[in-house]
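S.K.: Below are the sequence and a predicted model; questions follow.
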Amino acid sequence: MSDEPPVRLYCFAHSGETFDHWAANVGAGVEPVQVPLPGHGRRRSEPRVRTHEALLADLLPGLTGPRRGPFVLYGHGLGAMVALAVTRALHEAGLPGPALLAVGAWPPPHEDADIWLRTALPVLHTDLVLARSVQEAVREPLTAGPLATALLAVASEGNALAPPAIADGWCRWTEGPTWLRTVPGRHFFVRGRELPRLLGRACRITGRLARRPAPVV
């Protein structure tokens, strides 16, 4: 049995979604960790954040402490924008970032923001205000240079908000390797088994690659 710590999979959800069933589906060597935003989930009694700055001030302290081994971020729905914002902030600060950034069920930041208003998804106004703030912020160039984080975009053919043709645009937001994968389940494929199984495999592969010793030059 390996004595390596599990790869931590930090999960940022769409409004009202949870990852409670993921532990039973990601497989060995992966530890899913839900990261609820203020006003959501177990933090529902807290005031919601509305700006990119307030979001990072809330989340980064919990993601920058001592850590053993590589970690992965996954953002679903509005959480995709959150995961990207966190990845960029770690990069700007010169801190270790995720070995893999995974996003699903949300269009990339260069897409028209008004598309959110043309959906019937149960998105609260405060979440849309936050999403717009994050979108505007992540469109700005990074002073530390472009991201080189590996990125996995996950889409569903039945998701009108971010079908594969749109989800593929996430490749523009990193200079690292990118992949596009499709799963069944329309927008709410986060509730099925295919997504956590896919991310579990991705975490194990990413973890093995990240732990390889650097070549001697």
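M.R.: On my side now, so go ahead. Numbers count the residues shown, from 1 in each chain.

S.K.: helix or strand for residue 203, which one?
M.R.: For residue 203, the host element (DSSP states H and E) is helix 194-210.

S.K.: which residues are in contact with that helix?
M.R.: The contact list for helix 194-210 (CB atoms under 8 Å, 6 or more residues apart in numbering) reads 4, 7, 9, 19, 21-22, 25-30, 32, 69-70, 72, 74, 99-100, 102, 104, 150, 152, 154, 181, 183-185, 189. The C-beta positions use only the backbone N, C-alpha and C, and glycine is treated the same way.

S.K.: Residue 169 and residue 108, how far apart?
M.R.: 4 Å (CB to CB, to the nearest Å).

S.K.: Who has more neighbours out of the two?
M.R.: Neighbours around residue 169 and residue 108, counted as other CB atoms under 10 Å, are more numerous at residue 108. The numbers are 21 against 16.

S.K.: isn't the more buried one right up against residue 166?
M.R.: Yes. At 7.5 Å, residue 108 counts as touching residue 166 under the criterion of CB atoms under 8 Å.

S.K.: and the helix or strand of the chain with the lowest mean pLDDT, what does it pack onto?
M.R.: Every helix and strand in the chain was compared by mean pLDDT, DSSP states H and E; the lowest is helix 125-138, with a mean of 87. Counting by 3 or more CB pairs under 8 Å, 6 or more residues apart in numbering; DSSP states H and E, the packing neighbours recorded for helix 125-138 are helix 52-59, helix 78-92.
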